[in-house]
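Asker: Fold the following.
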Amino acid sequence: MSRHFIFVLSFVLLTGILRSASAQPLPFDAKAETFQSEDGEIQAFVLRLEQPFLADQFEKSNTLRLEPLNDNADLVYPKEAKFTQKHAEFYGRLQGEGVARLQLSYEVITEDLAGQPKLDVRTTEIEIPVPTSEGGNPSIYPEWARMQNRHFAELLRYYPETSFFEYVLLQSKDRYGVDPPPIPNSQRNRTSQVETGLYHTFSGGLGLQQSMQWEVLRGETTPGDLNIHIQQLQPPTLQSLNYKQLLKEKAEAGEEPNIHSLAHAVPEDQYFIQFPTMEAANRLIDLSVEWGDSLLQMLTVTARDHHLREKYERQLCLKRDAFPALFADKVIGDVAFTGSDFFFAEGTDLSVLVRVLNPEVFEAATETWLTEAKESYPDLQVRDVNYRGHRISARYTPDRAVSSFVLMKDDVAIISNSPVVMRKIIDTLLGEVPSLKDAADYRYCTTLLPPGSGDQDAYLFLSESLLKYLVGPKFKVAQKRRLQAFNNLVMLNNASLLYRMESGRSPESLSELSQGNFYDPQKVVDPVGGAYDWDSNRDTATSSVFNRIKYLTPIVELDVLQVSNKERQEYERYKSRYEALWRDVFDPIAMRFSMTDRKVQVETLILPFANSSLYGQLQSMMEASPQMMETGQFSDYAIGSMQLLPGRKRLGQMLQVVPGVQEVLESDPTLTDLSWLGDRVAIHYFDDNMIFEVDPFKLKRTDQLFGVGVPEQTAISAVLAATSLPVAVVIDVEDIDKAERLLDQLGSEIVLKGEPISGLPTEFDAYQLPDYDGHHVYVLSYQLYALKVRLYVSLSNNQLIAATTLDGLQQSIDAISAPAESEESPGHAELRINFAAMDQMETDLQLYWNEKLRQAAYRNVMPIYLLVKLYDVPIDEVNSLADSKYGVTYFCPGGGEYRFDETRDQIFSSVYGNRQGARQPLVMPEETPFSEFYGSLESVSARLEFQENSLIGTIVLERKADE
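Answerer: Here you go, the predicted model:
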């Protein structure tokens, strides 16, 4: 970059202080130098401060700050400085004409007459003339750039998820000719993480963008020539059940498929969810926002709103809130939604199918919605197009903020945001594309899990054709390319922020950015050869192929005919990962929802896996016939319960692990056959403060833990929880007398045990405590060296109880003795979480959730700060900028608000502060939607039941009764 400069050295000596807040002179010398490039585009200064002889002996200067007082100076670094070896320096940029005015503040520490230190904060104004011709010290500008890099690198230590800071550092070599410093928190294995993320089924754009940006700016992406036909890439090898034969068997048994009324209009390779009423649809959508969005925000640790409901309502020109009245007036009937993938935040195809009972009234309603859309979008275009004899009403804007294609076919209105999908649906209606109605897996699943009959029910189906499409090469390569384009769009937006930071305005075109080396067109390359542009009206980047960040082109619309050799290799590696991890559980997915004001029930159908024996292995671990799951007995006592049906043989094997049991069984022939045991075992966790805490959102397959998978990690977590919370194990017995005899004999047998383990002494003991409520209480203890564990054992109502605390045993006896109040259902396994029983643990749980909310709040601090500072807008205008540039808005997850502290020049949350001043309330603020939903929960249960030809998994969310 030095070739652009004329190297002429000039010094400007500041001979005096123009204005001082103190009558005393500066206790150090100040000297300034300036620099201007040959083309006049770059102007910079350095202010050097020197302490004279004895200055640090009687008056010690502490923190120094230099802040611009007018627009002629900006980007001053460091933000704070201290004298090192009697020297300190500030660097900054100059612009405009005349004089740059800056305020220098400094702390002087002196001693009073009593010898006590006294702090005096002084300020003074300094003027630096803006150069009018090229020249000056050529090292000033690159040194300023290094100071800026160090500043952003330090901020990255506190806010490592800030994409812009990392962009400035990585672009520093091209923009300033200065190598960036080591980037804090950089990940050595970003390349492998990027590849895995690009092909992941649920990869999110913003979550992966920073790693992709790292690759691009380091020049580690080489797309290669697209010279391999997509058909040369083979999808994973997946087998299917013989659905035709299974349907034939069902027909012979007199069972027919229960086909949904709108399934004939849905392509078989799209998801399908149907509601009998729009009220049911609204209830499920609201629930997904209350519960699903909050869990997703916890999982991703974000507090950013994509406004998906509003986004798709505007895009489709529909009014969701108007549908219930149309249904009540018998204008419409059932409603269905369908699409090709689940990337709702980034952009996906979405089609709505509506049974129309009164076409005139429905058409009038849609015209009203269209009129409102025209008022909001003056550039909205309306035209009719024909496809295969069908008239499609097209309503759209160039940026696809509105993209609505409407077709009336008989008594069904079809509204889609994708013209490609609309044509596909018409082809389906004409029989040219297979429909879901005729798909064998769908027809078979509806015989096992038929649609519900209530007006608050819903049914979701994901066919094998859809799942194969989602893991096939065409979709995966298109998904990867769109993520790459998304990253490029974010990078161009970052480049525009860098441009605005230096010039005080946004660019008019990408040419301005490339000419100033704010981005490199040789690195930011469209993956399919499209062109990027700059929308100066909305201050955001656009793509000729992939559109823009908020409304990315749906993947189904992206053509993939040719791939590069690199893409082929990446897909082959993805396929290997998929076949290793997921092929064994490949199955269509059918879910039935039932909803009331207090209860939501979700039933999921799981078929025998055609690609593995895993289903059979799971089934073989349980008894053939289901039994009543009675975890509800403990709903007032246990915060969590798990009940299994392994059968008496397996229970006997588990029981013999206890020292002394096998000897008792061998010595008493009446106990040996274990016929006195039942089939069920339950584990109950009681309320207490947690010592060990396991974050379920952190569980993932990793090489660090000896390659242990998520199920194994979950089991280990349950064991850790057992060491932190009081636990009771309850086993069914059919002969209470034999069980009592086992406990009596075990007391005399167990004391004979005690073999050393690794040289450490062991000791067993057994004794009986006073009865509790007419029940004998036994204690079995085991000591290894200095560590001792006790089990409190009793019998109640044909159930053997072993608890880790006496209180847990007594609560178990009370629960078993009390009459059951909740409805029980048959099954083979059940897990129940009782929120109403939580007291002490609720504090820990609230603290855990609140920590997640606080971390999410901090991730918004720097994006908000950048927009406030660079656009010079009040904080309440930030979200409109964020929505335009990144397709999101920022909110405080604790129900508070973000504020700008001008004195400290910081953004902070009114609830959580920021990372420089972290704070957190003890419990979650009640104002948040998640807190309200969490506080309304009575219990959540999950039950598994093996049926003749399938496994039914049922999740039930119960809410508290209104007070």
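Asker: What is the burial count for residue 903?
Answerer: Using other C-beta atoms under 10 Å, the number of residues around residue 903 comes to 5. Any C-beta I mention is one placed from the backbone N, CA and C, and that applies to glycine too.
Asker: again, but for residue 231
Answerer: Neighbours of residue 231 under the rule other C-beta under 10 Å: 9.
Asker: what's it sitting at in phi/psi?
Answerer: In terms of degrees, to the nearest 10, the main-chain angles of residue 231 are phi -70, psi -10.
Asker: Next, work out how far apart it and residue 568 are.
Answerer: From residue 231 over to residue 568 the distance is 12 Å, taken as C-beta to C-beta, to the nearest Å.
Asker: longest helix anywhere in the protein?
Answerer: helix 473-503 (DSSP state H).
Asker: Buried by neighbour count: which residues of that helix qualify?
Answerer: 473-502 (16 or more other C-beta atoms under 10 Å).
Asker: residues in contact with stretch 946-959?
Answerer: 246, 291, 448-449, 597-608, 615, 618-619, 622, 626, 825, 827-828, 936-945 (C-beta atoms under 8 Å, 6 or more residues apart in numbering).
Asker: so where is the stretch 851-963 of the chain shaky, pLDDT-wise?
Answerer: Scanning the stretch 851-963 of the chain with the threshold set as pLDDT under 70 gives 963.
Asker: If residue 594 is in a bridge, with which residues?
Answerer: Taking DSSP bridges as the rule, residue 594 bridges to residue 457, residue 601.
Asker: That one against residue 601, yeah?
Answerer: Yes: counting by C-beta atoms under 8 Å, residue 601 is a contact partner of residue 594 at 4.4 Å.
Asker: Can you list which of the contacts of stretch 946-959 are found in helices?
Answerer: Per DSSP H, those map to helices at 246, 448, 615, 618, 619, 936.
Asker: can you pull out the helices in the stretch 251-400 of the chain?
Answerer: Ranges of helices within the stretch 251-400 of the chain are 278-287, 294-300, 308-316, 323-328, 359-376, based on DSSP state H, counting those that start in this stretch.
Asker: let me redo that: the stretch 501-650 of the chain
Answerer: 510-515, 565-581, 614-620, 648-655.
Asker: mean pLDDT for those: which is lowest?
Answerer: Looking at the helices of the stretch 501-650 of the chain, the lowest mean pLDDT belongs to helix 614-620 (a mean of 83).
Asker: Not counting that helix itself, show me its contacts.
Answerer: So helix 614-620 is contacted by 584, 585, 606, 607, 608, 609, 946, 951 (C-beta under 8 Å, 6+ apart).
Asker: Rebuild these as TSV, extending it with distance to residue 436 and neighbour count.
Answerer: Below are the contacts of helix 614-620 laid out as TSV (distance: C-beta to C-beta, whole Å; neighbours: other C-beta atoms under 10 Å):
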residue	distance to residue 436	neighbour count
584	25	15
585	22	12
606	20	20
607	17	22
608	22	15
609	22	19
946	27	21
951	23	18
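Asker: any idea how this structure splits into domains?
Answerer: 2-138, 187-221+474-579, 270-434+452-463, 621-841, 851-917 (automatic domain parsing).
Asker: Would you format the ones you listed as JSON lines with distance to residue 239 included?
Answerer: Converted to JSON lines, the domains of the chain look like this (distance: least, C-beta to C-beta, whole Å):
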{"stretch": "domain 2-138", "distance to residue 239": "62"}
{"stretch": "domain 187-221+474-579", "distance to residue 239": "12"}
{"stretch": "domain 270-434+452-463", "distance to residue 239": "15"}
{"stretch": "domain 621-841", "distance to residue 239": "23"}
{"stretch": "domain 851-917", "distance to residue 239": "40"}
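Asker: give me the element residue 868 is part of.
Answerer: For residue 868, the element it lies in under DSSP states H and E is helix 861-871.
Asker: Likewise for residue 755?
Answerer: Going by DSSP H and E, residue 755 is not in any helix or strand.
Asker: residue contacts, it?
Answerer: With contacts defined as C-beta under 8 Å, 6+ apart, the neighbours of residue 755 are residue 762.
Asker: Apply 10 Å and report the result again.
Answerer: Going by C-beta atoms under 10 Å, 6 or more residues apart in numbering, residue 755 touches 659, 761, 762.
Asker: Provide the strand pairings for the helix or strand where residue 952 lies, with the direction of each partner.
Answerer: Using DSSP H and E, residue 952 sits in strand 951-959. Sheet pairing of strand 951-959 (DSSP bridges) gives strand 599-606 (antiparallel), strand 937-946 (antiparallel).
Asker: sorry, back to before: from the ones in helices among the contacts of stretch 946-959, which would you call buried?
Answerer: Among the ones in helices among the contacts of stretch 946-959, those buried by neighbour count (16+ other C-beta under 10 Å) are 246, 448, 615, 618, 936.
Asker: Correct me if wrong: the last one contacts residue 600.
Answerer: Read it as residue 936. No: counting by C-beta atoms under 10 Å, residue 936 does not reach residue 600; the two are 11.6 Å apart.
Asker: And the pLDDT for residue 752?
Answerer: Per the predicted model, pLDDT is 67 at residue 752.
Asker: And residue 118, by the same measure?
Answerer: 73.
Asker: what bridges to it?
Answerer: Following DSSP bridges, residue 118 is listed with bridge partners residue 110.
Asker: can you check the one 10 residues further on too?
Answerer: Going by DSSP bridges, residue 128 is paired in beta bridges with residue 100.
Asker: just to revisit the earlier point, turn the strands paired with strand 951-959 into CSV, columns for distance to residue 175.
Answerer: Output for the strands paired with strand 951-959, formatted as CSV (distance: least, C-beta to C-beta, whole Å):
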stretch, distance to residue 175
strand 599-606, 52
strand 937-946, 52
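Asker: Please identify the deepest-packed of those.
Answerer: strand 937-946 (a mean of 20; mean count of other C-beta atoms under 10 Å).
Asker: Could you export that one as CSV, keeping only the C-alpha atoms?
Answerer: Only the C-alpha atoms of strand 937-946 are listed here, as CSV (Å, rounded to 0.1, in the frame of the first residue of the first chain):
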residue,chain,number,x,y,z
LEU,A,937,-46.6,-26.1,33.3
GLU,A,938,-47.9,-28.8,35.6
SER,A,939,-45.9,-31.7,34.1
VAL,A,940,-44.4,-33.1,31.0
SER,A,941,-44.4,-36.8,30.3
ALA,A,942,-43.1,-39.1,27.5
ARG,A,943,-44.3,-42.7,27.1
LEU,A,944,-43.4,-45.5,24.7
GLU,A,945,-45.7,-48.4,23.8
PHE,A,946,-44.9,-51.3,21.5
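Asker: So which residue is smack in the middle of the chain?
Answerer: residue 300 (2.7 Å; C-alpha atoms, centre = their mean).
Asker: Return the alpha-carbon coordinates of stretch 83-94 using CSV.
Answerer: Output of stretch 83-94 as CSV, limited to C-alpha atoms (Å, rounded to 0.1, in the frame of the first residue of the first chain):
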residue,chain,number,x,y,z
PHE,A,83,2.5,5.8,30.4
THR,A,84,5.1,3.1,29.7
GLN,A,85,8.7,4.2,30.2
LYS,A,86,7.4,7.8,30.4
HIS,A,87,5.8,7.5,26.9
ALA,A,88,2.2,7.1,25.6
GLU,A,89,0.7,7.4,22.1
PHE,A,90,-2.7,7.9,20.5
TYR,A,91,-3.5,7.3,16.8
GLY,A,92,-6.6,8.5,14.9
ARG,A,93,-8.0,9.4,11.5
LEU,A,94,-8.6,12.9,10.2
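Asker: As a markdown table, the helices of the stretch 501-650 of the chain with distance to residue 453 would be great.
Answerer: Formatted as a markdown table, the helices of the stretch 501-650 of the chain follow (distance: least, C-beta to C-beta, whole Å):
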| stretch | distance to residue 453 |
| --- | --- |
| helix 510-515 | 58 |
| helix 565-581 | 38 |
| helix 614-620 | 29 |
| helix 648-655 | 39 |
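Asker: All set, thanks.
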